[in-house]
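Participant: Build the 3D model from these lines:
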Amino acid sequence: MTNTSASALEVKNAVKIYGAGPTGVTALNDVSITVENNEFFTLLGPSGCGKTTLLRMIAGFETITGGSIRLFGENIESLPANKRPVNTVFQQYALFPHMTVLQNVAFGLTMLGKSDTESNSVARRMLDMVQLGEFSDRKPTQLSGGQQQRVALARALAPSPKLLLLDEPLSALDLKLRHAMRVELKQIQEEMGITFIFVTHDQEEALTMSDRIAVMSNGELQQVGTGRQIYEEPGNRFVADFIGETNLLPATVESVNGGLATCVIGNRARLECTLSDPVEQGGSGYVSIRPERISLARATADHTLTGIVNRFVYLGTDTQCKLSLDDGTEINIRVQNAHESATDLAVGERTAIIIDQGAARLLVN
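Facilitator: Residues are numbered from 1 along each chain as shown. Here you go, the predicted structure:
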């Protein structure tokens, strides 16, 4: 049923409402995304934002209330889950404990009517790809959590799905394993040449693996872009605050020149800001500045943005500094310890705050 010239996935104006009438709960509200062939695309957002609901609708485990879903150019809303060219990897590995690793991976192929010889051959190839070929005769209970997750991945890939859906598959692993699996997942996706749609609430996970990211909140799409675009050019306050750390400073627009605005923050400091949306002179919003785009210096009369050091937090490679601007606004700064510009200041000392050119972005929404 696939049309390889079409996008892998097109979701248009998708709505999902649980229940009916005034007591109905809207889980998704007018969500539209397009995922291209061979793309690693991530749905990112906090718990309850609708990302898993959207994934389940794509898989066929949930019905769609409104809008449309197309896979490779074909409308699939009426297709049952087992007829869609997708497979899903869940947070829970769902491996059969009485079967060997090889039998688990071959299971889906056997259900499709493949011979034992063909099923086992493909299963062994998948296990070699996830570096578990030598564990084929073991039972799942004899494997670590990371190994079990790789078996689940191999099983999902064995039938050669056109699209692989992954619902928080790394969240049950410890930190070191999660980091290792991020690299492996991206490598496998590139080797297989198929589309991955990955669900996570972990911002670092999304930034590490994704070609593009869709940020969701309260059942609505907030922004779609590359990791760099979303981090450096957030479209609104939620995205800026959810992706990494940022300072959000109330600001008034003094003047506008094309895609830039001069904004006043604090009592008198002026910053040149990029714009998330059109804005007029006299308008207001919040200036977003990432902590690592700020540096400190000894305060002099020439500095217009100054503050008092409240606290230092040593974090190994860098130090987090918490300051209060003259108007009482709190600001966070991260300074690499190799530079020592933070550590030669004392709590209670006044310091100048230097913001990198292009680091300030005015968020209207």
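
Participant: Now that A59 has come up, it's in contact with L165, right?
Facilitator: Yes. Counting by Cβ atoms under 8 Å, L165 is a contact partner of A59 at 5.5 Å. All C-beta spots, glycine's among them, are computed from the backbone N, C-alpha and C.

Participant: Between the two, tell me which one has more neighbours.
Facilitator: Ranked by neighbour count (other Cβ atoms under 10 Å), A59 and L165 place L165 first, with 27 against 17.

Participant: Averaged pLDDT, the longest helix seen in the chain. What do you get?
Facilitator: The residue-count maximum for a helix in the chain (DSSP state H) belongs to helix 175-192. Helix 175-192 shows a mean pLDDT of 86.

Participant: which helices and strands does it pack with?
Facilitator: Packed against helix 175-192 by the contact rule (3 or more Cβ pairs under 8 Å, 6 or more residues apart in numbering; DSSP states H and E) you find helix 145-157, strand 195-200, helix 203-209.

Participant: After the lowest-mean-pLDDT helix or strand in the chain, which helix or strand is next? Please name it.
Facilitator: In the chain, no helix or strand scores lower on mean pLDDT, DSSP states H and E than strand 294-298, which sits at a mean of 83. Next along the chain after strand 294-298, taking DSSP states H and E as the criterion, comes strand 306-314.

Participant: how about the CA coordinates for the helix or strand that that following strand is followed by, as PDB?
Facilitator: Under the assignment DSSP H and E, the closest C-terminal helix or strand after strand 306-314 is strand 318-325. The C-alpha coordinates for strand 318-325 follow below in PDB (Å, rounded to 0.1, in the frame of the first residue of the first chain):
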ATOM      1  CA  ASP A 318      30.800  24.600  34.800                       C
ATOM      2  CA  THR A 319      29.400  26.700  37.600                       C
ATOM      3  CA  GLN A 320      25.900  28.000  37.800                       C
ATOM      4  CA  CYS A 321      25.600  31.500  39.100                       C
ATOM      5  CA  LYS A 322      22.300  32.900  40.400                       C
ATOM      6  CA  LEU A 323      22.000  36.700  40.400                       C
ATOM      7  CA  SER A 324      19.400  39.300  41.100                       C
ATOM      8  CA  LEU A 325      19.100  42.300  38.700                       C
END
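
Participant: What lies in contact with strand 318-325?
Facilitator: Strand 318-325 is contacted by residues 249, 265-266, 291-292, 296, 305-313, 330-337, 342-343, 345, 351, 353 when judged by Cβ atoms under 8 Å, 6 or more residues apart in numbering.

Participant: Could you turn the buried ones of those residues into a ChimeraX selection?
Facilitator: Of those, the buried ones go into a single ChimeraX selection, burial set by 16 or more other Cβ atoms under 10 Å:
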select :249,265,266,291,292,296,305,306,307,309,312,331,332,333,334,335,342,345,351,353
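
Participant: Mind pulling the model confidence for A301?
Facilitator: pLDDT at A301 comes out at 60.

Participant: what kind of secondary structure is V239 in?
Facilitator: helix (DSSP: H, G, I helix; E, B strand; the rest coil).

Participant: So it sits against L221, correct?
Facilitator: No. Using Cβ under 8 Å, V239 is not in contact with L221, being 10.7 Å away.

Participant: Please name the residues that touch L44.
Facilitator: L44 neighbours (Cβ under 8 Å, 6+ apart): 51, 200-201, 203, 206, 213-216.

Participant: same deal with G285?
Facilitator: Contact partners of G285, counting by Cβ under 8 Å, 6+ apart, are 251, 253, 263, 279, 362-365.

Participant: repeat that for 6 Å
Facilitator: 251, 362-364 (Cβ atoms under 6 Å, 6 or more residues apart in numbering).

Participant: ok, and the closest non-adjacent residue to N37?
Facilitator: Computed as Cβ to Cβ, 6 or more residues apart in numbering, the closest residue to N37 that is not its neighbour in sequence is A8, at 5.0 Å.

Participant: what about the strands in the stretch 251-365 of the chain?
Facilitator: For the stretch 251-365 of the chain, the strands defined by DSSP state E, counting those that start in this stretch cover 260-265, 269-275, 284-289, 294-298, 306-314, 318-325, 330-336, 350-355, 361-363.

Participant: could you dump those strands to TSV with distance to V25?
Facilitator: As requested, those are exported to TSV (distance: least, Cβ to Cβ, whole Å):
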stretch	distance to V25
strand 260-265	39
strand 269-275	35
strand 284-289	30
strand 294-298	41
strand 306-314	40
strand 318-325	39
strand 330-336	36
strand 350-355	43
strand 361-363	29
